[in-house]
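Asker: any chance you can model this:
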Amino acid sequence: MDYVVAIDQGTTSTRAIVFDRAGRPVATGQLEHRQVFPRPGWVEHDPMEIWANTREAIGQALAKADITRHDVAAIGITNQRETAVVWDRVTGRPIANAIVWQDTRTQGMVDELAAEGGTDRFADVTGLPLATYFSATKIAWILDSVEGARERAEAGELLFGTTDTWVLWNLTGGAGGRGGAGAGVHVTDVTNASRTLLMDLRTLDWDDELLAAFAIPRAMLPEIRSSSEVYGHAGTRSLLRETPIAGILGDQQAATFGQAAFERGESKNTYGTGNFLIFQTGEEIVRSRNGLITTVAYKLGDEAPRYALEGSIAVTGSLIQWLRDNLGIIRTSPEVEQLAATVEDNGGVYIVPAFSGLFAPYWRPDARGAILGLTRYANKGHIARAALESVAFQTREVLDAVAADAGIGLEELRVDGGMVANDALMQFQADILGVPVLRPEVTETTALGAAYAAGLAVGFWDSLDELRALWREDRRWEPAMAASDREARLARWKDAVTRTFDWER
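Answerer: Numbering: from 1, shown residues only. Model (predicted):
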């Protein structure tokens, strides 16, 4: 068996990627799913569409690679985190659309819970602030809003999962189970569980006090397991039937794993719909005092868990989509680089994309997006450039918070995600950080990390050292901006950010 298949269930699409022993992608299947916006601030996905796309993506990838299940050693899963799915244990049908991590409909619930103890009320246990971002309030909203749901959940008739659990449950047979008997495997891993606001970072188990606070029955929750072990096998109706499913990592932890950033002090930054910086802290749980999240980085089988600090930025790549879809100043996302190149600088224009508030390091749900510094001189080239620069500015602020919390300065930044193909953005990122930015040869690091976790569990790869040796640099950007210029631009950016506060009252 010469391959591992990774299923990457993301915010905008689902992919299946075949990797070889060198960690190189051989073939990919991919399908986008609909983004549902019922009201302002509401973001939903159809779980049945996601599952149908998963099955088709697997078929596409196997066909393109010209392989069958007999060539595949294991399956790994990585996923959009925090997105909540609740479904019927018997029928396998969701009782509502999935509520996506970007959704802000539960802000009122968050405010009520924060009235006693503030937004850090549960941070000591979970590592997380109270925010609509995480799964707990989404689950509670579904139970409260769908008729009879709470009673059915308490009776054990309903199941919850983030999308890794939803895919795993269906892939292992779902309501029919393997071989047409029993039920699918209802499991999540520690990285996804750590994003629910329901797991104790120290015990790696669901916490009864948290379950009571959010009024969520334990019976509907999946079992928490490590990130690298055999959870079950693909069911008889799958093209990958009988193949072990042996790795699960939330998408940002998976990208870190795929970047071979395993040890304390190592980090990566993913540029996708949003940006996510993960900084490894090893076996130590580091509590943030500067607006970061404490999370589980990974756990390999019976080994001790590894922890990390994370800076989550809500809007980066989706800002470029906004320029394309809402403003119409570009036809395709890659055109933003060409448009930005038509001007020498941002012309004094700054964009703060607080479309649904600000995540790290501010955690300001009251903020709203703004374009500042406009004059008659400003044109669409300046807006395009300001949009790209906002991505780099937000990353700089998160890395400053990491340095303050961990007491370790950044020497280089490994990057991945769709936006790292943008050379202008990567150069500005190096300039505004003052350290080199490194892009790997394999930029599909999220799927690669899931493949690595699965491959380790079945002996396809032997060790972290073997995986580290597979990492290869593609390109490096060195900083070229004067320190005085860097600090002046950063100061103006911070001023722009503060002007977005208190808009939503």
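Asker: now the strands for the stretch 251-400 of the chain?
Answerer: For the stretch 251-400 of the chain, the strands defined by DSSP state E, counting those that start in this stretch occupy 267-271, 275-282, 293-298, 306-313, 350-352, 370-372.
Asker: need the ones you listed in CSV (columns: mean pLDDT, distance to V402 and mean neighbour count).
Answerer: (C-beta placed from N, C-alpha, C; glycine too.) CSV is the format used below for those (pLDDT from 0 to 100; distance: least, CB to CB, whole Å; neighbours: other CB atoms under 10 Å):
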stretch, mean pLDDT, distance to V402, mean neighbour count
strand 267-271, 89, 7, 27
strand 275-282, 89, 5, 24
strand 293-298, 94, 11, 26
strand 306-313, 90, 6, 26
strand 350-352, 96, 21, 25
strand 370-372, 96, 26, 17
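Asker: A451 is nearest to which of these?
Answerer: Nearest to A451 among the strands of the stretch 251-400 of the chain is strand 293-298 (13.6 Å), distances taken as CB to CB.
Asker: returning to what we had before: among the strands of the stretch 251-400 of the chain, which comes closest to H186?
Answerer: strand 293-298 (19.5 Å).
Asker: figure out how far stretch 477-492 is from the centre of its chain.
Answerer: 29 Å (CA atoms, centre = their mean, to the nearest Å).
Asker: list the buried residues for it?
Answerer: W477, P479, M481, R486, R489, R492 (16 or more other CB atoms under 10 Å).
Asker: nearest to L62 among those?
Answerer: W477 (36.5 Å).
Asker: just checking, the closest one touches L433?
Answerer: No - contact status for W477 versus L433: not in contact, 9.8 Å apart, counting by CB atoms under 8 Å.
Asker: how far away is V315 from Q102?
Answerer: Distance, V315 to Q102, by CB to CB, to the nearest Å: 9 Å.
Asker: what's the neighbour count on P244?
Answerer: 19 (other CB atoms under 10 Å).
Asker: thinking again about what came up before, and the buried residues of stretch 477-492, which two are the farthest apart?
Answerer: W477 and R492 (22.4 Å).
Asker: tally of neighbours for G118?
Answerer: Neighbour tally, G118, other CB under 10 Å: 11.
Asker: so where is the protein shaky, pLDDT-wise?
Answerer: 177-182 (pLDDT under 70).
Asker: most remote residue from the middle of it, which is it?
Answerer: R376 (38.7 Å; CA atoms, centre = their mean).
Asker: all helices of the stretch 51-200 of the chain, in order?
Answerer: 107-114, 123-126, 135-145, 149-154, 163-171, 190-193 (DSSP state H, counting those that start in this stretch).
Asker: for those, which one sits closest to A16?
Answerer: Using CB to CB, those put helix 163-171 closest to A16, at 10.6 Å.
Asker: which helices and strands does the closest one pack with?
Answerer: If contacts are counted by 3 or more CB pairs under 8 Å, 6 or more residues apart in numbering; DSSP states H and E, helix 163-171 sits against strand 3-9, helix 47-65, strand 72-79, strand 85-88, strand 158-161, strand 187-189, strand 244-250.
Asker: if you set the cut-off to 7 Å instead, what comes out?
Answerer: strand 3-9, helix 47-65, strand 72-79, strand 187-189, strand 244-250 (3 or more CB pairs under 7 Å, 6 or more residues apart in numbering; DSSP states H and E).
Asker: could you check the angle strand 293-298 makes with the single longest helix found in the chain?
Answerer: Secondary structure of the chain per DSSP state H: the longest helix is helix 380-406. Angle of helix 380-406 versus strand 293-298, following axes from the mean of the first three to the mean of the last three CA atoms, to 10 degrees, is 80 degrees.
Asker: circling back: T83: which of the buried residues of stretch 477-492 is nearest?
Answerer: W477 (32.6 Å).
Asker: with adjacent residues omitted, what lies nearest to G232?
Answerer: V185 (3.9 Å; CB to CB, 6 or more residues apart in numbering).
Asker: OK, contacts around M426?
Answerer: V415, V420, V437, R439, W477 (CB atoms under 7 Å, 6 or more residues apart in numbering).
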